[in-house]
Each structure stands twice: as C-alpha cells, then as structure tokens.
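Chemist: no FASTA, just this:
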C-alpha cells in the first residue's frame, strides 16, 4: 500500500489512541531518492493533489501521521553521520532512526519486503501483537485487529 492507504487508515482512527508512524526508505528500488523536506512537503503540502509520476504516490488526500527522516528499514544499517544525514536537506538515511529498526528486527520478524510492506501493531502497553509484511495488504484490513487492541487492556 501507499501513503494513501495508510492515510485512509489514519483518518479512520483519528481522535482515538492510535498512531501510525511512517519511516520513508530509499532501500526499495530507490523509491524515495529526494530530500527529507521534499518528502515531507509532498505528503503534507498545502495541496490535496500529490503527484510524483509514480503510481504508488499519485493520490489525493491528507497525511495525518508523523513522518520520520528517511532511514534504513533493513540491514545494512545506516552509517551516515547524523549531524548531516538527519537534516531536512539530506537525501541519505538518518542513522538515529536505526535504533527503532534494530529493535523491530530483534523481534525475529523479516525486514520489510518493500515500501509500505512492514506493518507492526502494538497493544496499549507497547507489546508487539501483529506483524504484516506484504506490500499489497490493504491497511484497512487491519481495522478489526486495531479495534480489538483499542478495546482491550494490555
């Protein structure tokens, strides 16, 4: 799925204790080659028409969730200097984000197979509950799992 599919899911749970975290990565056929600020402007710009020339990112809508600096989501991990790579003008990975992905990798799940493939669900206490690694999986199919987690304790 794309920014659009995740945005639809984010809007579905707007105002509820649910959060999507987005980590752009250029490790999949160089789909995110531009700078962090370009990506941020693209998805959060003041327009509702998003066009980049590729099927996965031509869409209309909003982007209601946090967007991190570009990072590596699968080994090999980012070795860029964080003082230059984690800036808005950087086009390389931000090594500060590697800690999140190293932690997720330590759970024994396979690295994401493609952009938007890796979807991790956690309960209210931060415990992992579900991992989907399928770029074609419609994020709206996560709704029953999310509803169950929102309606239960840890």
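Modeler: Okay, I see it. Everything numeric here is computed off the predicted structure, so don't read it as measured data.
Chemist: Which helix or strand in the chain has the lowest average pLDDT?
Modeler: Lowest mean confidence among the helices and strands of the chain (mean pLDDT, DSSP states H and E): strand 49-50, at a mean of 60.
Chemist: center of this protein, which residue is that?
Modeler: residue 22 (2.5 Å; Cα atoms, centre = their mean).
Chemist: isn't it right up against residue 7?
Modeler: No. Contact criterion Cβ atoms under 8 Å: residue 22 and residue 7 do not qualify, at 9.6 Å. Using the backbone N, CA and C atoms, a C-beta is placed for each residue, glycine as well.
Chemist: in this structure, which spans are helices?
Modeler: 3-12, 36-44, 82-85, 98-105, 143-150 (DSSP state H).
Chemist: Can you tell me which of these is most buried?
Modeler: Most buried of the helices of the chain, by mean neighbour count (mean count of other Cβ atoms under 10 Å): helix 3-12, with a mean of 19.
Chemist: Which strands or helices does that one pack on?
Modeler: strand 59-60 (3 or more Cβ pairs under 8 Å, 6 or more residues apart in numbering; DSSP states H and E).
Chemist: before we move on, back to that, tell me the residues that contact both of residue 22 and residue 7, please.
Modeler: Residues touching both residue 22 and residue 7 by Cβ atoms under 8 Å, 6 or more residues apart in numbering: residue 65.
Chemist: In this structure, where is pLDDT below threshold?
Modeler: Along the chain, the parts satisfying pLDDT under 70 run over 1, 45-62.
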